[in-house]
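Engineer: my questions concern the predicted model and sequence given below.
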Amino acid sequence: MSVFNLSNAIMGSGILGLAFALANTGILLFLVLLTSVTLLSIYSINLLLICSKETGCMVYEKLGEQVFGTTGKFVIFGATSLQNTGAMLSYLFIVKNELPSAIKFLMGKEETFSAWYVDGRVLVVIVTFGIILPLCLLKNLGYLGYTSGFSLSCMVFFLIVVIYKKFQIPCIVPELNSTISANSTNADMCTPKYVTINSKTVYALPTIAFAFVCHPSVLPIYSELKDRSQKKMQMVSNISFFAMFVMYFLTAIFGYLTFYDNVQSDLLHKYQSKDDILILTVRLAVIVAVILTVPVLFFTVRSSLFELAKKTKFNLCRHIVVTCILLVVINLLVIFIPSMKDIFGVVGVTSANMLIFILPSSLYLKITDQDGDKGTQRIWAALFLGLGVLFSLVSIPLVIYDWACSSSGDEGH
């Protein structure tokens, strides 16, 4: 059950961006990056479990507070909240991209049909305030935990459809345009590339990092583990990460081999649902799953905010006002952010990097400060911390540079 819960915590909208990451790195480079991030994530969870055992803390924020005081608590709150907000944004982005296509199909309209009720931005606002807001206003969301199983099933269904469609959809070469040089041949366009470096390669590592973050959920799952032990929880994380590694790689490789360089940062958006019931079903399943997952993440962010402000006593007026303000801010971001790769990029180089690399290694180094027996482990943890800092120093300027150079119309959304 813990493996199932942790796998669900890892699995998210990041899976939709992996084929885009692969298209901009090539198969071999992508496999190296995916394997590296998987192994590094497993190591960071090992550090987190050691810190938890040493301090007796089962809550990430409290662990930060115990080791680094109020600053630690604020930093961990910031990183986990940004990660959860990024996940909510990417989920609502799926609604913005996919719901119009599903509605057009159900109405029997052409893909080019446009009206206000098939405008993704309008639909996001309707879904947010018609479905998500009432769920977010509830005092507790215990029953919504059951949707996590449904969410995971939808993503498995999505993977099966991606593999099946690879053998159904022929390689399509688009009309020659500014992005394809005149001497590009059909054979070139439909040949898999093993190593690729271009301006979008910078998004690959943040997207993969974003797809593997589950660190805020590790300690709660650990605390509920039967006959709890560090070794047993490490085994749970190893199995979960291996399962997700296989699922992520299969989705990315089959998505890429279907569309090659034409793949988008939201893989699902590339499949045309015109006269295709299977694609429509997978679209609707993923839409329902993400709509029901948003309140669960929202609840976590809001309760952390109240905890931080020391306003833990329930107050209906404050509850409603804070909920509405947060949802309005999230909606504005979804409406104005041009594509999902920007969400994956920003969250990947900031909070995902903090949660995977910087925080677990910093906590470990601080806790084992006085312990002379842990010399070798401390060297590894220090190198791990250095890797996280290096990742930030390299990725953040490159993502900013790409924003400055590319126009917002790049993605075709």
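Structural biologist: That came in fine, so what should we check first? Residues are numbered from 1 along each chain as shown.
Engineer: quickly find the element holding residue 8.
Structural biologist: helix 2-10 (DSSP states H and E).
Engineer: actually residue 156, sorry about that
Structural biologist: helix 147-166.
Engineer: could I get that helix in PDB with only the CA atoms?
Structural biologist: Provided in PDB are the C-alpha atoms of helix 147-166 (Å, rounded to 0.1, in the frame of the first residue of the first chain):
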ATOM      1  CA  THR A 147      -9.200   9.800  -6.200                       C
ATOM      2  CA  SER A 148      -5.400   9.200  -6.100                       C
ATOM      3  CA  GLY A 149      -6.000   5.600  -7.100                       C
ATOM      4  CA  PHE A 150      -8.200   6.800 -10.000                       C
ATOM      5  CA  SER A 151      -5.500   9.300 -11.000                       C
ATOM      6  CA  LEU A 152      -2.800   6.600 -11.100                       C
ATOM      7  CA  SER A 153      -5.100   4.300 -13.200                       C
ATOM      8  CA  CYS A 154      -5.700   7.100 -15.700                       C
ATOM      9  CA  MET A 155      -2.000   7.600 -16.200                       C
ATOM     10  CA  VAL A 156      -1.500   3.800 -16.700                       C
ATOM     11  CA  PHE A 157      -4.400   3.900 -19.200                       C
ATOM     12  CA  PHE A 158      -2.700   6.900 -20.900                       C
ATOM     13  CA  LEU A 159       0.600   5.000 -21.200                       C
ATOM     14  CA  ILE A 160      -1.200   2.000 -22.800                       C
ATOM     15  CA  VAL A 161      -2.900   4.300 -25.300                       C
ATOM     16  CA  VAL A 162       0.500   6.100 -26.100                       C
ATOM     17  CA  ILE A 163       2.100   2.700 -26.900                       C
ATOM     18  CA  TYR A 164      -0.900   1.500 -28.900                       C
ATOM     19  CA  LYS A 165      -1.100   4.800 -30.900                       C
ATOM     20  CA  LYS A 166       2.600   4.500 -31.900                       C
END
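Engineer: so what touches it?
Structural biologist: 4-5, 7-8, 11, 15, 247, 250-251, 254-255, 257-258, 267-268, 271, 278-279, 282, 285-286, 288-290, 292-293, 296 (C-beta atoms under 8 Å, 6 or more residues apart in numbering). In short, each C-beta sits where N, CA and C put it, glycine included.
Engineer: please compute how far it lies from its chain's middle.
Structural biologist: Chain-centre distance of helix 147-166: 16 Å, with C-alpha atoms, centre = their mean, to the nearest Å.
Engineer: what's the answer for stretch 94-111, then?
Structural biologist: The answer for stretch 94-111 is 24 Å, by C-alpha atoms, centre = their mean.
Engineer: buried set for stretch 374-386?
Structural biologist: 374, 377-378, 381, 384-385 (16 or more other C-beta atoms under 10 Å).
Engineer: make JSON lines out of those residues and add distance to residue 157.
Structural biologist: Formatted as JSON lines, the buried residues of stretch 374-386 follow (distance: C-beta to C-beta, whole Å):
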{"residue": "374", "distance to residue 157": "45"}
{"residue": "377", "distance to residue 157": "42"}
{"residue": "378", "distance to residue 157": "45"}
{"residue": "381", "distance to residue 157": "39"}
{"residue": "384", "distance to residue 157": "36"}
{"residue": "385", "distance to residue 157": "39"}
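Engineer: for these, which two are the farthest from each other?
Structural biologist: Within those, 374 and 385 form the most distant pair, 14.6 Å apart (C-beta to C-beta).
Engineer: isn't residue 90 right up against residue 340?
Structural biologist: Yes: Residue 90 lies in contact with residue 340 (C-beta atoms under 8 Å); the separation is 5.8 Å.
Engineer: so what sits against both of these two?
Structural biologist: Common neighbours of residue 90 and residue 340 (C-beta under 8 Å, 6+ apart) are 13, 16.
Engineer: which ones are touching residue 347?
Structural biologist: Residue 347 touches 82-83, 86-87, 206, 210, counting by C-beta under 8 Å, 6+ apart.
Engineer: go again with 6 Å.
Structural biologist: By C-beta atoms under 6 Å, 6 or more residues apart in numbering, residue 347 lies in contact with 86, 210.
Engineer: which residues in the stretch 251-400 of the chain form helices?
Structural biologist: Taking DSSP state H, counting those that start in this stretch, the helices of the stretch 251-400 of the chain run over residues 277-308, 316-336, 340-347, 353, 359-367, 375-405.
Engineer: follow-up on the earlier one: the more surrounded of residue 90 and residue 340?
Structural biologist: The neighbour comparison of residue 90 against residue 340 (other C-beta atoms under 10 Å) goes to residue 340, with 28 against 24.
Engineer: how far away is the closest residue to that one other than its chain neighbours from residue 245?
Structural biologist: Nearest residue to residue 340, sequence neighbours excluded (C-beta to C-beta, 6 or more residues apart in numbering): residue 265, at 4.4 Å. To residue 245, residue 265 is 21 Å away according to C-beta to C-beta, to the nearest Å.
Engineer: and residue 221, by the same measure?
Structural biologist: Separation of residue 221 from residue 245 (C-beta to C-beta) stands at 18 Å.
Engineer: tell me the secondary structure for residue 140?
Structural biologist: coil (DSSP: H, G, I helix; E, B strand; the rest coil).
Engineer: any idea how many residues pack against it?
Structural biologist: Neighbours around residue 140, by other C-beta under 10 Å: 8.
Engineer: what about the nearest residue to it once chain neighbours are set aside, neighbour count?
Structural biologist: Leaving aside its sequence neighbours, residue 140 sits nearest to residue 299 (C-beta to C-beta, 6+ apart; 7.9 Å). Residues near residue 299, counting by other C-beta under 10 Å, number 19.
Engineer: and if you look at residue 150?
Structural biologist: 14.
Engineer: residue ranges with poor pLDDT in the chain?
Structural biologist: Applying pLDDT under 70 to the chain flags the ranges 141-147, 173-187, 273-274, 370-373, 407-413.
Engineer: in it, which helix is the longest?
Structural biologist: For the chain, the helix that runs over the most residues, judged by DSSP state H, is helix 60-107.
Engineer: from the contact counts, what lies against the next helix or strand after it?
Structural biologist: Next helix or strand after helix 60-107 toward the C-terminus (DSSP H and E): helix 120-127. Helix 120-127 is packed against helix 60-107, helix 316-336, with contacts defined by 3 or more C-beta pairs under 6 Å, 6 or more residues apart in numbering; DSSP states H and E.
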